[in-house]
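Visitor: sharing a model prediction with you, sequence too.
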Amino acid sequence: MEERKSLFAQLQERKLKPVRALNNSRLSMYKKCNWLYKLYQMGVRSKVPYIPFSVGSLTHIMLAVFYKKKIYRESDPRFKEVMRILEDRWNRNIAFSVSPDYHKRLDRQFMIICGIAYGMMEQRIVEKDLDEFEVLQTESMLTAPLLHNVRWDGTPDIVLRSKALKELTHFDHKSTSVINDSFMRNLAVGVELEGDKLLIEQLFKEKVKYGYYNILQKHRFQERKGETREAMAQRIVETYRGTKFHFRYKKDYDKLGQENYINQQHHWIRQLQESHMNNRFPMNDESCVGFYDCQMLDFCSKKEDHIFKNFYQIVKKEKANGKTTSSATKKLHRRN
């Protein structure tokens, strides 16, 4: 305990350099927990291994290559080469000592990535886009001045210019089961799409239409008795060949909404700069309510006081007895 407090004190005393550049993830991390932001800025990382490439992130890489290299047919020899490289990369990044069941789950995830790729080739998504749009940027770092002498960095998923109307369009790839009107309405102000839109408009000096490109329809794929891996992979690919991928535009803010968004950005950037200047990065205990398994709690001086340390122990015990998390939650409430 004394050693942990000593480590916490050392980390607390260290100062960060003045902030010169921001991106969506760093600003979002600061809003969630100032202390978490400081740890990441200092390069402090948890020792817990993690899977760097999920279905969503690897699919983004795959799409960027398809658009940049103009690969839009399954018969193109480069298509198979891209899929082989992606599989090698996926396998390298999941080479951890995990259970056989978890490996099977990760294996299914890669099959889904393959299914998305074959589905997009089957439906000629990339080919149609390249006929209609000029691709200005995809998965490349963009940067522009923002507010209070801070540079804004971002990596928009894809920026297109209509060949007919000459309009700019930015789409964010979403790996979700469905993007409907309810999903669009419930998005918080200041999410990544708005930040990237602001960045693109400053760079190109034009208004940008923006929206979501839904690349993943979720299907339940369970292993069938006696089914080989190859048969399951083929079943997943065939399912995605017929899955519809679609665009959905996001309604832009009205003038007042745009002003409110810019004002919020002003507020948070000023607050972040003051934290750097005064070296004040408090822990946000409330943010831990949804993140009781935060891997950075080891560097938090209040870890022993955390209600979620108790919660974790209860959940662990309940799971060992074959009970659900909800029963553990009820026990925690009764105890407090």
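Guide: In hand now; what should we look at?
Visitor: can you pull the contacts of Leu27?
Guide: Counting by CB atoms under 8 Å, 6 or more residues apart in numbering, Leu27 touches 195, 268-269, 272. For the C-beta atoms, the positions are set from N, CA and C on the backbone; glycine is no exception.
Visitor: most neighbours, which of these?
Guide: When neighbours are counted by other CB atoms under 10 Å, Gly195 leads the contacts of Leu27 with 23 neighbours.
Visitor: helix or strand: which one has that one?
Guide: Using DSSP states H and E, Gly195 sits within helix 192-204.
Visitor: what's around Ser204, how many residues?
Guide: Check again: residue 204 is Phe, not Ser. By other CB under 10 Å, the residues close to Phe204 number 16.
Visitor: OK, contacts around the nearest residue to Ala64 once chain neighbours are set aside?
Guide: Computed as CB to CB, 6 or more residues apart in numbering, the closest residue to Ala64 that is not its neighbour in sequence is Glu139, at 3.7 Å. By CB under 8 Å, 6+ apart, the contact set of Glu139 is 60-61, 63-64, 155, 157-158.
Visitor: quick one: the helices in the stretch 151-300 of the chain, in order.
Guide: Secondary structure of the stretch 151-300 of the chain (DSSP state H, counting those that start in this stretch): helices located at 181-185, 192-204, 229-241, 255-278.
Visitor: for the shortest one, the averaged confidence score.
Guide: Averaged across helix 181-185, pLDDT comes to 58.
Visitor: and if you look at the second one?
Guide: If you average the pLDDT over helix 192-204, you get 80.
Visitor: just want the angle from that helix to helix 255-278.
Guide: Interaxial angle, helix 192-204 versus helix 255-278 (axes from the mean of the first three to the mean of the last three CA atoms, to 10 degrees): 90 degrees.
Visitor: relative to Gln109, how far out is Gly257?
Guide: 37 Å (CB to CB, to the nearest Å).
Visitor: higher neighbour count, these two?
Guide: Using other CB under 10 Å, the more surrounded residue of Gly257 and Gln109 is Gln109, with 17 against 13.
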